[in-house]
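Student: pasting a predicted model and its sequence here:
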Amino acid sequence: MRATRRLAMVAAVLLTGATIVYASNPPKVDPALPAYKAVSGVSGNLSSIGSDTLNNLMTLWAETFNRFYPNAKIQIEGKGSSTAPPALIAGTAQLGPMSRAMKGTEIDQFEKKYGYKPTQIRTSVDALGVFVNKDNPIKCLTLAQVDAMFSKSRRWGYKEDVKSWGQLGLAGEWASRPISLYGRNSASGTYGFFKDHTLKNGDYKDEVKEQPGSASVVQGVTVDRVAAGYSGIGYATAGVRAVPLAEKEGGKCYEADPDNAYAGTYPLARFLPDSGLGREGRAGQDRIGGHHCRDAENGRADGSGSPARREPGSHEPASPDRSSRRPRRRPRRHHHHRLDPGDPAGHRR
């Protein structure tokens, strides 16, 4: 078990200590960052079980890790954030990527098993996109309108239940077309985040077609011309378009792009935490949060979740049960600090 934990901690240096950016727009890497130096004796099996949203990033990081440690075998399974805590507790996974923060009950169960809290580190910033087919001319949606599309509770107080595109202002051939809805299943952290932040914890409509993965949502919207669906922005394809969103009626519409996600102006920006078996506290901080290298900084999110940067003093602290909420201030670039790895809210030590 100790060897497995050591492998997990070494992996965390490269996997969760990375600055992630879009492949199409890589940043300038700080030349002062040292190149990562491999250590001896790292081998064995490492398992990552959790978020589908982070699947592509975990695969990318695993490939980078294997270049340094070819004798380490990393298995990645992404069926939803809710599968991460049970796998960590059962010992069948050492890394648990999630698209939401761990719940208090999940942390308690972990602590009961191991005697300490799980290490949680914010690895990425994601823009949760509301996708429509590429042919759909809708220009902007408010959160109240999105709520009225997907929820039967309508807790944002929109004036009517939205069932057709005409109710959202589209004319001509689109006016009478019904809205076909796609979403994630309840095992997904994305399902929970969307329910919490977009539906104000209201109930989903029965007609939402629940999908097992983000790619399935995007594929459904691609082939269904009148569809709308939600998914992490990293799964966008040429067949869909993320609709700009406004917080309220008459407010500015913001694109689901990196700048708006970092600034917190895009209404559905969120942190993506990664949890692991490493012990929290100073030792874990020194081994994970205190390591940063050029190889991690060069990580690129090819077709994966949205970008992230870890910068000092860049985000307002979130309360523990809301730690996956969006950042509110734009991070400064290319500084380094240590995060408390036991604090998903990202407080500095």
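Tutor: That came through, no problem. Numbering: from 1, shown residues only.

Student: where does pLDDT dip in the stretch 151-300 of the chain?
Tutor: For the stretch 151-300 of the chain, residues meeting the criterion pLDDT under 70 lie at 277-300.

Student: just the strands from it, written as ranges.
Tutor: Under the criterion DSSP state E, counting those that start in this stretch, the stretch 151-300 of the chain contains strands at 180-184, 209-211, 227-232, 240-242, 245-246, 269-279, 300-301.

Student: next, the buried residues of the second one.
Tutor: Think strand 209-211. By neighbour count with 16 or more other C-beta atoms under 10 Å, strand 209-211 contains the buried residues 210-211. Where you see a C-beta, it was placed from the backbone N, CA and C, and this is true even at glycine.

Student: quick check: which helices or strands does that strand pack against?
Tutor: In this structure, strand 209-211 packs against strand 180-184, helix 214-223, with contacts taken as 3 or more C-beta pairs under 8 Å, 6 or more residues apart in numbering; DSSP states H and E.

Student: same check, this time on the longest one
Tutor: The helices and strands touching strand 269-279, judged by 3+ C-beta pairs under 8 Å, 6+ apart, are helix 2-15, helix 84-90, strand 95-97, strand 118-133, helix 258-263.

Student: mean pLDDT lowest for which of those?
Tutor: Ranked on mean pLDDT, the bottom entry among the helices and strands packed on strand 269-279 is helix 2-15, at a mean of 52.

Student: what number of residues lie near residue 140?
Tutor: Residues near residue 140, counting by other C-beta atoms under 10 Å, number 16.

Student: from the strands of the stretch 151-300 of the chain, which stretch is densest packed?
Tutor: Each of the strands of the stretch 151-300 of the chain was scored by mean neighbour count; the highest is strand 227-232, a mean of 28, by mean count of other C-beta atoms under 10 Å.

Student: can you give me the angle that strand makes with helix 214-223?
Tutor: 150 degrees (axes from the mean of the first three to the mean of the last three C-alpha atoms, to 10 degrees).

Student: name every strand pairing with strand 227-232 and say which way it goes.
Tutor: In its sheet, strand 227-232 lies beside strand 118-133 (antiparallel), strand 180-184 (parallel), with partners assigned from DSSP bridges.

Student: the helix or strand just after the first one pairs with which strands?
Tutor: Read that as strand 118-133. Sequence order places strand 141-142 as the next helix or strand after strand 118-133, per DSSP states H and E. Paired neighbours of strand 141-142 in the sheet (DSSP bridges): strand 245-246 (parallel).
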